[in-house]
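[1] Requesting a structural model of the entry that follows:
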Amino acid sequence: MAISLSEQKSKSRIVRIGGREVIAEGLRLNFWADISHRCMTASWPAFIAGAALVFVAFNAVFAFFYWIGNQPISDVPDGAYIHYLYFSIETLSTAGYGDMHPQTHYGHFVAAIELFTGIFSMSLMTGLIFARFARPNARLLFADHPVISSHDGKPTLMIRFANERHNIIGNASARLWLLRNETSLEGHSFRRFHELRLLRNEHPALALSWTLYHVLDEESPLYGLDAEGLEQAAVSMVVVVSGYDVVAAQTVHARKSYDHSDIRFGQRYADILDTSEEGRLRIDYGRFHETLEA
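    Numbering: from 1, shown residues only. Here you go, the predicted structure:
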């Protein structure tokens, strides 16, 4: 059976992988099948707005069931729906001010179901909020552009990043990956990744800034490539940093991806470290992304 264009579009969605948008087609995912992952990856405004929407919807439904009953709740002025909504909010949140209370078997039955729903939903919400707050997260600031210039007399790729929290990340390690298009002997095009060797890939105590160096020698996958060669191979890079956050007492991770157009040839990073008049070390983050002619 032929699939219409509208059906094909309904099966496609746009997802973000790193900083790149990818159109995923032919994969059927039910919204509720992975709701936990959606709650963990949603932004805080979206998460709070979604929780508020669910809260209002639950109360509106239970208020409707109270409203269609034969005076199931006492002290409800004129049996107005809005007062049943107030009572539902008090019940679902387990506040229970006492001004209104169930007075029929039907009212007690609906209230019992709502109490169970309230306890279950509050426990679930508490777990989600705790998981979002307790999730380890490194606050690393990566430079906007990798640079290629001479370092110790050799052409070198450099990437700078800094610890925004200024706490100690112990035993920090960094890995740099290159992704590019290649062609097999059979003529098939595919995407291959290579790990780029760093001069130093470990830092005992990352508190301020760290610059990664990869020498463009004969063993480097980037050897002999200029800006045009990088574009033809659709080169991109990914930096992955991990370490032990001594404050959170957890292992934290951070990553940053770069496209070939982000790389600046013949440039170096502006110096951001100096000493104040009082003899203190000073770091100028206002020039962190600035590059200069090498």
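[2] switch to C-alpha atoms for all contacts and neighbour counts from now on
    OK.
[3] What residues does the nearest residue to D245 once chain neighbours are set aside make contact with?
    Excluding the flanking residues, the one nearest D245 by Cα to Cα, 6 or more residues apart in numbering is I169, at 4.7 Å. Going by Cα atoms under 8 Å, 6 or more residues apart in numbering, I169 touches 204-207, 243-246.
[4] Look at I169 and report its pLDDT.
    Here the pLDDT value assigned to I169 is 93.
[5] So in terms of bridging, what pairs with it?
    Here I169 shows beta-bridge partners L206, D245, assigned using DSSP bridges.
[6] and the gap between it and A249?
    Using Cα to Cα, to the nearest Å, I169 is found at 10 Å from A249.
[7] same check, this time on N201
    For N201, the distance to A249 - Cα to Cα - is 22 Å.
[8] Of those two, which one has the most company?
    Higher neighbour count among N201 and A249: N201, with 15 against 10, using other Cα atoms under 10 Å.
[9] quick one: contacts for that one?
    173-175, 212.
[10] could I get the residues you listed as JSON lines with neighbour count and secondary structure?
    Formatted as JSON lines, the contacts of N201 follow (neighbours: other Cα atoms under 10 Å; DSSP: H, G, I helix; E, B strand; the rest coil):
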{"residue": "S173", "neighbour count": "18", "secondary structure": "strand"}
{"residue": "A174", "neighbour count": "19", "secondary structure": "strand"}
{"residue": "R175", "neighbour count": "18", "secondary structure": "strand"}
{"residue": "L212", "neighbour count": "21", "secondary structure": "strand"}
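[11] Among the contacts of I169, which one sits closest to V147?
    Closest approach between the contacts of I169 and V147, by Cα to Cα: L206, at 21.4 Å.
[12] Count residues in the vicinity of the closest one, would you?
    Using other Cα under 10 Å, L206 has 21 other residues around it.
[13] now do the one 5 residues further on
    T211 sits with 14 neighbouring residues when counted by other Cα under 10 Å.
[14] That one is in what secondary structure piece?
    strand 209-215 (DSSP states H and E).
[15] which of the residues in that strand are buried?
    Neighbour-count burial for strand 209-215 flags 209, 212-215 (criterion: 16 or more other Cα atoms under 10 Å).
[16] What's the first helix or strand after that strand?
    helix 227-232.
[17] how about the most centrally placed residue in the chain, phi and psi?
    Most central in the chain under Cα atoms, centre = their mean is T41, positioned 6.0 Å from the mean C-alpha point. For T41, the backbone dihedrals are phi -100, psi -10 (criterion: degrees, to the nearest 10).
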